[in-house]
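Enquirer: Here is a sequence with its predicted model. Questions after.
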Amino acid sequence: MYAHLAIIAALLTAVGSSGPAKAQTAASRNQDAAFEAARLAFETLAEADRRALQEALIWTGDYKGAVDGGYGRGTRTAMIAWARRLGLPDDGLLDTRARATLLASANGAKAAVGFAATPDPRSGASLALPLKILTRRIDTKTGSRWISADGAMAMETWLLREQDANLPALFDQLKDSNANRRVTYKVLRPDFFVVTAEMPTGDQYIRFARGIADGVPVLRGYSIAYPKNLENVAMAVANGFDPFPAPTHTLAPVPSAAPVVQAAPQPVAPATPPRVALRATAVVVQADMAVSVIGACNNPKIAGRPARLIRKDEATGLALFEARGMGGRPIASAMASGDAGAEALIVFENVGGGGAAPFVSVGRILSSPNGAAVGRLLAPLDSTAAGAPVFNRRGEWIGFVGLRTAPTRVAGVVPQTSWPLIPVQGLAALQAPAIAAAAPATGEARASELAARLGPALAPLVCD
């Protein structure tokens, strides 16, 4: 297991869906009603209590998602599984006594492995580690290394200057399988990536994030290798990792230059400007005009061009912008209403933009937007997908991903989460330019074809 650190170190050295939508059955409507009832009950709890319950379900081995306080399908399934083992009602609801029992069980599991907050003095990241398992710590050139006495579990942190280590290039070095590891999940976003893999001795989890520390653009990340029987501990570590805690940590010495590629050096991307972050996906509707969904946004830019807010629906956040010279090709699409229970394809801006093929996620419509009302969408998204266009399986545009009051904080695999679904008909209230109609759908839309068609119509929206 310890060998996984050598594998990752070597890689770092190298850088420097289903059938057509069907009508919702009575049974599925009942399931959705039960889900909504449980969700509403869960959301009456304080956010700290909701997060504590999700964390507890990680320690019982029932939950493998992000500790974000949201009630998604993963949280509900975990609650039901735990309740069934204890002979409790399996309706996805936990009463006061059941919650106390669950939390006590988790506290016992944490105490058994010595799980505790462990700031990393080398990388500056905030961690939570099982200190009764990872008993030995070593300083490395770019971070810290923790190893268990038997070598079955090992963890290492990294701190790299962005001028030496480009996030997409680093992802490219880690995302592929080889003879010693089979990649099981990989996701790249503008400000982080996650890669998970299986190895002969167990599993591996890698995460790197981009940010600013002491005014310097840097990457912070970690890799952990663990045996199957410690998967819940590794998930707890993932949810306890905060790469850029406040207040900003005073950096430990950072190598002035990362090792360079000997054969084919990777291009280094420009450093990320301080205090700028991708906030949403914008859809080009006419030359120099785009729509997106935003909250508070100072000095917006679309595709790197200053954007002027023309109109905004304060109830939904749907907004129309003018951004002269932003480029792109106006979207052309047939429009339709979304059917509750049907699958949906969500298309959102890729890293770098510039007309590159965007990401496509598959979700499900929980409730259909009707008129001016906002529906709900279940999909594995993070906050950068706000404003992303949502399509049905026929490739017809049905709406936009809305804003969440508590955006998902991804610590592991991006979880299924409920999002607002703003109907595409909301464009009329903005007096947006008319959308050109696409050719009539002849069958089920392929995600790859949809991404290729929409790439030039999408652009990143950033705010100060």
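Expert: It's in.
Enquirer: residues of stretch 307-327 that come out buried?
Expert: By 16 or more other CB atoms under 10 Å, the buried positions in stretch 307-327 come out as 307, 312-313, 316-323, 326-327. In this view, the C-beta of every residue, glycine as well, is placed from N, C-alpha and C.
Enquirer: how long is that stretch end to end?
Expert: One end of stretch 307-327 to the other measures 12 Å (CA to CA, to the nearest Å).
Enquirer: What lies in contact with it?
Expert: With contact meaning CB atoms under 8 Å, 6 or more residues apart in numbering, stretch 307-327 is reached by 282, 284-285, 288-295, 297, 300-306, 355, 374, 386, 400, 402-403, 420, 422, 426-427, 429-432, 459, 461.
Enquirer: So this protein: which segments form each domain?
Expert: Segmentation of the chain into domains, based on automatic domain parsing, reads 3-15+118-239, 45-111, 277-463.
Enquirer: before we move on, the earlier item: please tabulate the buried residues of stretch 307-327 in a markdown table, including the columns distance to residue 118 and pLDDT.
Expert: As requested, those are arranged in a markdown table below (distance: CB to CB, whole Å; pLDDT from 0 to 100):
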| residue | distance to residue 118 | pLDDT |
| --- | --- | --- |
| 307 | 42 | 94 |
| 312 | 44 | 92 |
| 313 | 45 | 90 |
| 316 | 42 | 88 |
| 317 | 38 | 90 |
| 318 | 43 | 93 |
| 319 | 42 | 94 |
| 320 | 47 | 95 |
| 321 | 44 | 95 |
| 322 | 49 | 94 |
| 323 | 45 | 92 |
| 326 | 45 | 90 |
| 327 | 46 | 88 |
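Enquirer: closest to residue 185 among the residues you listed?
Expert: Ranked by distance to residue 185 (CB to CB), the buried residues of stretch 307-327 are led by residue 317 at 30.3 Å.
Enquirer: who are the neighbours in contact with the closest residue to the closest one other than its chain neighbours?
Expert: In space, and not counting its chain neighbours, residue 317 is closest to residue 293: 4.5 Å by CB to CB, 6 or more residues apart in numbering. Counting by CB under 8 Å, 6+ apart, residue 293 touches 280, 316, 317, 318, 319, 386, 387, 400, 401, 402, 403, 422.
Enquirer: now residue 404
Expert: With CB under 8 Å, 6+ apart, residue 404 has these contacts: 70, 383, 386, 417, 419, 420.
Enquirer: Inside strands: which ones of those residues?
Expert: When the contacts of residue 404 are checked against strands (DSSP state E), the matches are 417, 419, 420.
Enquirer: Enumerate every residue touching the second one.
Expert: Which is residue 419. 376, 377, 378, 379, 381, 385, 401, 402, 404.
Enquirer: Can you tell me which of those residues end up in strands?
Expert: 376, 377, 378, 379, 401.
Enquirer: Mind pulling the model confidence for the first one?
Expert: What that stands for is residue 376. For residue 376, the model assigns a pLDDT of 88.
Enquirer: ditto for the last one
Expert: Confidence per residue is given as pLDDT, and for residue 401 that number is 92.
Enquirer: Okay, the closest residue in space to it that isn't next to it in sequence and residue 166: tell me how far apart.
Expert: Spatially, and ignoring its direct neighbours in sequence, residue 401 is nearest to residue 388 (4.6 Å; CB to CB, 6+ apart). Distance of residue 388 to residue 166, computed by CB to CB, to the nearest Å: 25 Å.
Enquirer: Which residue of these two possesses the greater neighbour count?
Expert: Higher neighbour count among residue 388 and residue 166: residue 388, with 29 against 21, using other CB atoms under 10 Å.
Enquirer: Make sure the more buried one is actually in contact with residue 349.
Expert: Yes - if you go by CB atoms under 8 Å, residue 388 and residue 349 touch, sitting 7.5 Å apart.
Enquirer: okay, and for the stretch 151-300 of the chain, where does confidence drop off?
Expert: 247-278 (pLDDT under 70).
Enquirer: switch to 80 and redo it
Expert: 246-279 (pLDDT under 80).
Enquirer: Just the helices from it, written as ranges.
Expert: 167-174, 231-239 (DSSP state H, counting those that start in this stretch).
Enquirer: Residue 139 is nearest to which of those?
Expert: helix 231-239 (19.5 Å).
Enquirer: Remind me what the closest one packs against, helices and strands.
Expert: Applying 3 or more CB pairs under 8 Å, 6 or more residues apart in numbering; DSSP states H and E, we find helix 231-239 packed against helix 47-59, helix 96-113, strand 128-130, strand 202-213, strand 216-226.
Enquirer: by how many degrees do the last one and helix 231-239 diverge?
Expert: Interaxial angle, strand 216-226 versus helix 231-239 (axes from the mean of the first three to the mean of the last three CA atoms, to 10 degrees): 170 degrees.
Enquirer: What residues sit buried inside strand 216-226?
Expert: So for strand 216-226, counting by 16+ other CB under 10 Å, buried means 217, 218, 219, 220, 221, 222, 223, 224, 225, 226.
Enquirer: gap between it and the chain center?
Expert: Averaging C-alpha positions (CA atoms, centre = their mean, to the nearest Å) puts strand 216-226 16 Å from its chain's average.
Enquirer: Using CSV, write down the CA coordinates of that strand.
Expert: Coordinates of each C-alpha in strand 216-226 appear next as CSV, following Å, rounded to 0.1, in the frame of the first residue of the first chain:
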residue,chain,number,x,y,z
VAL,A,216,0.4,33.1,-4.5
PRO,A,217,-1.7,30.9,-6.8
VAL,A,218,-1.1,27.3,-5.5
LEU,A,219,-2.4,23.8,-5.7
ARG,A,220,-3.0,21.8,-2.5
GLY,A,221,-3.9,18.2,-2.6
TYR,A,222,-3.6,14.8,-1.0
SER,A,223,-3.6,11.1,-1.9
ILE,A,224,-4.7,8.3,0.5
ALA,A,225,-4.4,4.6,-0.1
TYR,A,226,-6.4,2.2,2.2
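Enquirer: helices or strands next to it in the packing?
Expert: Against strand 216-226 (3+ CB pairs under 8 Å, 6+ apart) you get helix 3-15, strand 154-161, strand 202-213, helix 231-239.
Enquirer: can you rerun that using 10 Å?
Expert: helix 3-15, strand 144-147, strand 154-161, helix 167-174, strand 192-199, strand 202-213, helix 231-239 (3 or more CB pairs under 10 Å, 6 or more residues apart in numbering; DSSP states H and E).
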